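Asks: this is a predicted model, with the sequence first.
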Amino acid sequence: MRIVGFFISLSVTVLLVVLLGSKLWLPLPLGSFLSPQHGVWQNAEPVQQQFNDELLFSSLQSDAAVYFDERLVPHIVAESDEDAYFIQGYLHARFRLWQMEFQTHAAAGRVSEIVGDIAVDFDKGKRRLGLQYAAENMLKEAEADPITKSMLDSYTAGVNAFISSLTESALPVEYKLLGYEPEKWNNLKTVLFVKQMSQTLAGFSDDLPMSKAKAFFGDKAMHILFPQVADSLDPVIPRNTVFPPASVAPVAPASKDSLYLQNDTISGGRLMEAEKPDKNNGSNNWAVSGAKTQSGSPILCNDPHLTLSLPSVWYELQLLTPSMNVYGVSFPGAPGVIIGFNENIAFGFTNSERDVLDYYKVKLKDDSKKQYYFDSAWVDTRLRIEEIKIKNKPAVYDTVAYTAFGPVMYDKSFPAAEGSTDALAVRWKAHDASNELLLWHYLDRAANYQDYTNALQYFTCPGHNIAFASRLGDIAIWQQGIFPARWNRQGLYVMPGEDSSYMWQGYIPMQENPHMLDTSRGFVSSANQRPADSSYPYFINGTYDLYRGIAINRRLAGMHNITPADMMKLQNDNYNTFAETARPLLLKYIDENSLSAQGKKYFEMLKNWSLYNDVSENGATLFSIWFKNLEELVWNDEFEKAGVNDLRPSESTLTEALLRNDSGFVYIDNVNTPEKETIRELAAAAYQRTVAMADSLTAVNKLAWGAYKNTSIYHLLGEKMLPFARAGLSVGGGEHIINATKSKHGPSWRMVVQAGETPEAYVVYPGGQSGNPGSAYYDQFIDKWAAGEYYKAWFMKRGEKSDERLVWKMTFKKG
Amino acid sequence: MKFIVSVLLVMLLSFVASLYLPWWIIAVVAFAVGAFILQKPYLAFTAGFIALLLLWGGLAWFISSANNHILAHKISILVVQNDSPFTLIFITALAGALVAGAASLTGSLMRRLF
């Protein structure tokens, strides 16, 4: 009898341990997850945590120290660059390991390994775009250069030094929740991260929907629907600048009209494009000269707009070695400071928005993809077999054919559109070998304008506007990248790919990229607008913004005696230049007398609206909804007939067309009705819908702009991890506004630097230095960021060892 | 006396062993203590149960308090769909207690076989 009792008890014990120790019954192994000495409790960092430490590494060249200030910003002081990058890698891993690895897994198309088969299409998209291929090409170049080879090796060694020291209990909480462990870091991962940024910033393409739209409207109409130069454009390089004639003259193929512009280059129904980067990925930067500032020193400002996420894409730090003393933000996953300043200069980036990704329709011989037709012969492709591992399931394999253009992104087995058998190869600048790490190597150490332009030559893709200000008083901006020299309208649509005649013929020389070293205007600026007016001698299509640039230039032109505080205010300016342009249309088209009592009430709000998208403004919400409704009424009839879902002409195109000639604009008419609609009818119908929506928003107290916009910063794993997010923040601004804070997207870093004898900088980002959701430093800066406030950065000077703001010290000893 | 010694021994050995070994070492510890210190089976169970209820509950509470319960708020929403650090601490304590209680009982019953 006793033995039965024993076995029952034993079975219960074993069963409990097995159940709590495995994922058979629970989504995560609760035993290790809950154990206070192993699991999630170990990630609950004491709010009074001390970060002092003494570490010993044999790979260091000499002893080094890291001083942390009260915001947990490290000031790394090392005797060599190698040691500094080693420590940067170590600190990135210590504070952001999960994020670094997840983002590089995503870039490589390996998310299915972590989350299961829901991510297979995402992974296929990355593999077919060839991100890993692009990274391999970059790695070859970067490892061939002794400077970047040592930078990468030291950084990787630092990351791995931390990973080797990790115990089960110290794993970041995301690993514990998802049940996996980090692998070793390597140089390819760093480069993958850089290439992921290339996709985020230069991987956008509307070629497929544009081709579909062209097939319906014709190329002539596409000139009007998608104009290259807006009427009110205020370009990066001021209008009336004289550009030298183009030294590279691309020749359009003879068949351009018949095979390209007048031919349907894409088949099939609804488009099924792989995940594309956010069109809004943009930024503001500007620099004002000493003549316009109170101190007499130039001031440089930058706020890059990205998808808002936690942990933040940025990690703030200072690197101090005999060769550099640079402060700013870095990417967890890559060495160096990406945006920042040193003792002599400050630099900031905005996206060029130029199109460097084209599609070519190629002819594959058969489903084996082994050959394609090119220049009158069947040519072998290079097949790359992609193994996509899946959590708890067998791997899937995907064969990607590489052609003279690049990888075949879409084909029968991964169609671009429903029922489409087109094989579309990608020509993407980011595939070409490059070494962007050298740009940052030189920029972080640059002392003057010459050093800055020398650094810029290494920047190939993504193309950016890089603003510059120096202690010596220079301010400048370059749009830098390697951009194809295109013939007129090359690359707007999917191009024929059966011969070489449609390929890129050459690149614009760096000297001919739009740039200015300012001598008279007193400021330089960029905000993702077209870099130059129509007198620029190359065809430069892109997805440009219009209104932020106008707003910034207007404000800067009128400012004098500028202080850093003025610049902080400007970065948070909520004035809506787009509404300034388009609201008169609304007021003109709506007949106030015909409105209901509710309609009149909202009309008053619109009329009296300050044109500022401040959190409490109802007018901002009403205007935004009305314009969206108007766009739907104007465009949806035609574009739905064209089978184009995700592409519409821009707000500025519609606004400027109506301002020019609102009775002759043919798209106003609804093609689905026999009557001929007028713009007044459409505006009224849009207004009626707006009233209905406003009523329901009022009922839930969400008519005010801040509540309606509902700015939220999600964890990288998305809305499923809602407790790790900061949702429902009250922040003004929005699209086309200098304060470009949208619902899930916005200024990911704000920086104002006065480049005087000692640089004076004010900074903030929507996150915190720690990636651990259990740390008080996880979202430490968010409230300050939301309120438009800044921290004064503490810039450590050479030889300094202490300051009241330095609270912790980590020593890195050579052992 | 035996009871209190059992409780303290399970707590102490579990804590030390968990510094180096996986979480399930608490089952081994409770089993061993249950087998070595002869008690009535129900007392052996209770000793293991209380030891881990105190150890895991106490540690979780101590860690979470120092953290101002920042993480426990978030994890409790994820795991038990309820914003309650106390619930998470309680579940932690209970999971450890059940495992240790059952293991201690098993140890005690095994001792009685011989």
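Replies: Cool, the structure landed.
Asks: need the phi and psi values for the residue of chain B found nearest chain A.
Replies: Residue of chain B nearest chain A, by Cβ to the nearest Cβ: B:Leu71 (3.2 Å). Placement of C-beta: from N, CA and C, glycine included. Recorded main-chain torsions at B:Leu71 are phi -80, psi -40, according to degrees, to the nearest 10.
Asks: got the confidence number for the closest residue to it other than its chain neighbours?
Replies: Nearest residue to B:Leu71, sequence neighbours excluded (Cβ to Cβ, 6 or more residues apart in numbering or on different chains): A:Gly774, at 3.2 Å. We note a pLDDT of 97 for A:Gly774 in this prediction.
Asks: so A:Gly774 lies in a strand, does it not?
Replies: No - using DSSP: H, G, I helix; E, B strand; the rest coil, the assignment for A:Gly774 is coil, not a strand.
Asks: so who does it touch?
Replies: A:40, A:43-45, A:173, B:67, B:70-71, B:74 (Cβ atoms under 8 Å, 6 or more residues apart in numbering or on different chains).
Asks: then A:Ser610?
Replies: A:617, A:619.
Asks: could you redo the last one with a cut-off of 10 Å?
Replies: A:574-576, A:617, A:619-620 (Cβ atoms under 10 Å, 6 or more residues apart in numbering or on different chains).
Asks: chain B: helices as residue ranges?
Replies: B:2-20, B:25-36, B:41-66, B:70-80, B:85-113 (DSSP state H).
Asks: repeat that for the stretch 551-700 of chain A.
Replies: A:564-571, A:577-589, A:597-608, A:618-641, A:651-660, A:679-699 (DSSP state H, counting those that start in this stretch).
Asks: relative to helix A:597-608, how tilted is the fourth one?
Replies: By that I understand helix A:618-641. 100 degrees (axes from the mean of the first three to the mean of the last three Cα atoms, to 10 degrees).
Asks: what mean pLDDT does helix A:618-641 get?
Replies: Averaged across helix A:618-641, the pLDDT comes to 96.
Asks: packing partners for it?
Replies: When contacts are defined as 3 or more Cβ pairs under 10 Å, 6 or more residues apart in numbering or on different chains; DSSP states H and E, helix A:618-641 packs onto helix A:207-217, helix A:219-225, helix A:577-589, helix A:597-608, helix A:651-660, helix A:679-699, helix A:705-709.
Asks: possible to save those helices as TSV with mean neighbour count?
Replies: Below are these laid out as TSV (neighbours: other Cβ atoms under 10 Å in any protein chain shown):
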stretch	mean neighbour count
helix A:207-217	23
helix A:219-225	15
helix A:577-589	19
helix A:597-608	15
helix A:651-660	19
helix A:679-699	18
helix A:705-709	22
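Asks: CSV please, covering the ones you listed and showing distance to A:Gly815.
Replies: Shown next, in CSV, are the helices and strands packed on helix A:618-641 (distance: least, Cβ to Cβ, whole Å):
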stretch, distance to A:Gly815
helix A:207-217, 55
helix A:219-225, 65
helix A:577-589, 58
helix A:597-608, 68
helix A:651-660, 60
helix A:679-699, 63
helix A:705-709, 53
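Asks: for A:Val120, find the nearest of the ones you listed.
Replies: helix A:207-217 (21.1 Å; Cβ to Cβ).
Asks: okay, and for chain B, where does confidence drop off?
Replies: Counting by pLDDT under 70, not a single residue of chain B qualifies.
Asks: I misspoke; the intended subject was the stretch 401-550 of chain A.
Replies: For the stretch 401-550 of chain A, no range has pLDDT under 70.
Asks: now do the strands in it.
Replies: Taking DSSP state E, counting those that start in this stretch as the test, the strands found in the stretch 401-550 of chain A are A:408-410, A:423-428, A:464-470, A:475-480, A:495-496, A:515-517, A:523-526.
Asks: tell me the angle of the second one relative to helix A:207-217?
Replies: Computed with the same axes, to 10 degrees, the direction of strand A:423-428 lies at 120 degrees from that of helix A:207-217.
Asks: the longest one too?
Replies: Here strand A:464-470 points in a direction 120 degrees away from that of helix A:207-217 (the same axes, to 10 degrees).
Asks: neighbouring strands of strand A:464-470 in the sheet, and parallel or not?
Replies: Strand A:464-470 has its sheet partners listed here by DSSP bridges as strand A:345-351 (antiparallel), strand A:475-480 (antiparallel).
Asks: returning to that earlier point: top of the contacts of A:Ser610 by neighbour count?
Replies: A:Ala620 (31 neighbours; other Cβ atoms under 10 Å in any protein chain shown).
Asks: near chain B, which residues of the stretch 701-815 of chain A?
Replies: A:715, A:720-725, A:772-776, A:778-779 (Cβ under 10 Å from any Cβ of the partner chain).
Asks: how far away is A:Gln450 from A:Val634?
Replies: According to Cβ to Cβ, to the nearest Å, A:Gln450 and A:Val634 sit 51 Å apart.
Asks: repeat for A:Gly336
Replies: 47 Å.
Asks: got the contact list for the residue nearest the centre of chain B?
Replies: Ranked by distance to the mean C-alpha position of chain B (Cα atoms, centre = their mean), the top residue is B:Leu52 at 1.8 Å. Counting by Cβ under 10 Å, 6+ apart, B:Leu52 makes contact with B:7, B:10-11, B:14, B:26-27, B:29-30, B:58, B:92-101, B:103-104.
Asks: hmm, which of those residues are the buried ones?
Replies: B:7, B:10-11, B:14, B:26-27, B:29-30, B:92-101, B:103-104 (16 or more other Cβ atoms under 10 Å in any protein chain shown).
Asks: tell me, which of these make contact with chain A?
Replies: Okay, of these touching chain A (Cβ under 10 Å from any Cβ), that's B:14, B:26-27, B:30, B:92-96, B:98-101, B:103-104.
Asks: among these, give me the pair with the biggest separation.
Replies: B:Thr92 and B:Ser104 (18.5 Å).
Asks: one step back: just say which of the strands paired with strand A:464-470 is most tucked in.
Replies: strand A:345-351 (a mean of 28; mean count of other Cβ atoms under 10 Å in any protein chain shown).
Asks: looking at the helices of chain B, which is closest to A:Gly179?
Replies: That would be helix B:70-80 among the helices of chain B, by Cβ to Cβ, at 13.7 Å.
Asks: next one: the closest one to chain centre, how far?
Replies: Averaging C-alpha positions (Cα atoms, centre = their mean, to the nearest Å) puts helix B:70-80 21 Å from its chain's average.
Asks: likewise for stretch A:437-456?
Replies: With Cα atoms, centre = their mean, you get 23 Å for stretch A:437-456.
Asks: quick one: buried residues of stretch A:105-119?
Replies: A:105-115, A:119.
Asks: that concludes my questions; thank you for your assistance.
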